[in-house]
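Asks: Provided below are the primary sequence and the corresponding predicted coordinates.
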Amino acid sequence: DYLDRNPEVDLTFSLSAIIDESGNPTRRRSPFCGGVVRFETLLRQNLAGNGSALVFRRQAFLRAGGYDPSLAFYYDRDVWLRMCLLRPGNVHAIPEYLTLYRRRRGQISRQIVPMEKAADQLIQKFRALAPEAVGAAEKEMRSNMNRFWAFIRWEEEDFRGAAAYLKRAFLYATLFFLRDRRNLALSLAITAGRFLPLTWYRRLAQKI
């Protein structure tokens, strides 16, 4: 309906609420946003979050070149970004939580090492397609990616590994990192995991 009413829009996405393996709601949600989303914004952070939240025009998908089979990860984000480059103002966020995204053990988004390699491929690709935008946003993009990998390590109770990724996120874009409250929350959670007895930590984590 939104695409029908807005012919200038090629891609929309809703906000997502995170559920656990059993379908129970968690307190985690995708960042709140709405309206036009610029290419640089999507580059810095994957606001769409997951493919289930998107609706886009088939013609725009084909004009952008479709999925890139050379990417083992981020192939969805890659094509969304290429669609964003088709024309100004053509990506809109619908500010409603219309999607439930299930997080479970063993899912593809937990494979961090190949994800790091794919992230480098993605950045190299867009350096050629949109060099100025990538130059302005790359450090923040890498900071956000490293925070996400730190979060995965934290969920797996690999607190030392989580701390290492979060440190990288801090070093990539320090001021940007400090402005995001999620970084502080994750820092506190990782610190608690590293220094509290594990039984105490798990009791605390259940109440958060």
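Replies: Received it, and whenever you're ready, just let me know what you need. Numbering: from 1, shown residues only.
Asks: Give me the distance between the longest helix along the chain and the centre of its chain.
Replies: Of all the segments of type helix in the chain, defined by DSSP state H, the longest one is helix 131-155. Here the centre of mass of C-alpha atoms in helix 131-155, compared against the chain's by C-alpha atoms, centre = their mean, to the nearest Å, lies 9 Å away.
Asks: Quick one: residues in contact with that helix.
Replies: The list of residues contacting helix 131-155 from outside it, by C-beta atoms under 8 Å, 6 or more residues apart in numbering, reads 39-40, 43-46, 109-110, 112, 115-116, 119, 123, 126-127, 159, 161-166, 168-170, 172-173, 176-177, 180, 182-183, 186, 189-190, 193. C-betas here are computed from N, CA, C, even on glycine.
Asks: Just the buried positions in it, please.
Replies: Buried residues in helix 131-155, defined by neighbour count with 16 or more other C-beta atoms under 10 Å: 133-134, 137-154.
Asks: before we move on, the earlier item: buried only: go through the contacts of helix 131-155 for me.
Replies: Neighbour-count burial (16+ other C-beta under 10 Å) applied to the contacts of helix 131-155 gives 39-40, 43-46, 112, 115, 119, 123, 126, 159, 161-163, 165-166, 168-170, 172-173, 176-177, 180, 183, 186, 189-190, 193.
Asks: which residue packs closest to the residue positioned nearest the centre of the chain, ignoring adjacent ones?
Replies: Closest to where the C-alpha atoms of the chain average out (C-alpha atoms, centre = their mean) is residue 46, at 3.6 Å. Using C-beta to C-beta, 6 or more residues apart in numbering and skipping residues adjacent in sequence, the residue nearest residue 46 is residue 77, 5.6 Å away.
Asks: element containing that neighbour?
Replies: Mapping residue 77 onto the secondary structure by DSSP states H and E places it in helix 75-84.
Asks: and that helix, what other elements does it pack with?
Replies: Applying 3 or more C-beta pairs under 8 Å, 6 or more residues apart in numbering; DSSP states H and E, one finds that helix 75-84 contacts strand 11-19, helix 39-44, strand 54-56, helix 58-63, strand 91-102, helix 112-129.
Asks: Turn the ones you listed into a markdown table, including mean pLDDT and distance to residue 201.
Replies: Conversion of the helices and strands packed on helix 75-84 to a markdown table gives the following (pLDDT from 0 to 100; distance: least, C-beta to C-beta, whole Å):
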| stretch | mean pLDDT | distance to residue 201 |
| --- | --- | --- |
| strand 11-19 | 94 | 21 |
| helix 39-44 | 94 | 31 |
| strand 54-56 | 96 | 36 |
| helix 58-63 | 97 | 44 |
| strand 91-102 | 94 | 25 |
| helix 112-129 | 93 | 22 |
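Asks: what's the closest of those to residue 202?
Replies: Comparing the helices and strands packed on helix 75-84 by their distance to residue 202 (C-beta to C-beta), the top pick is strand 11-19, with 19.5 Å.
Asks: tell me the angle of the closest one relative to helix 75-84?
Replies: Here strand 11-19 runs at an angle of 150 degrees relative to helix 75-84 (axes from the mean of the first three to the mean of the last three C-alpha atoms, to 10 degrees).
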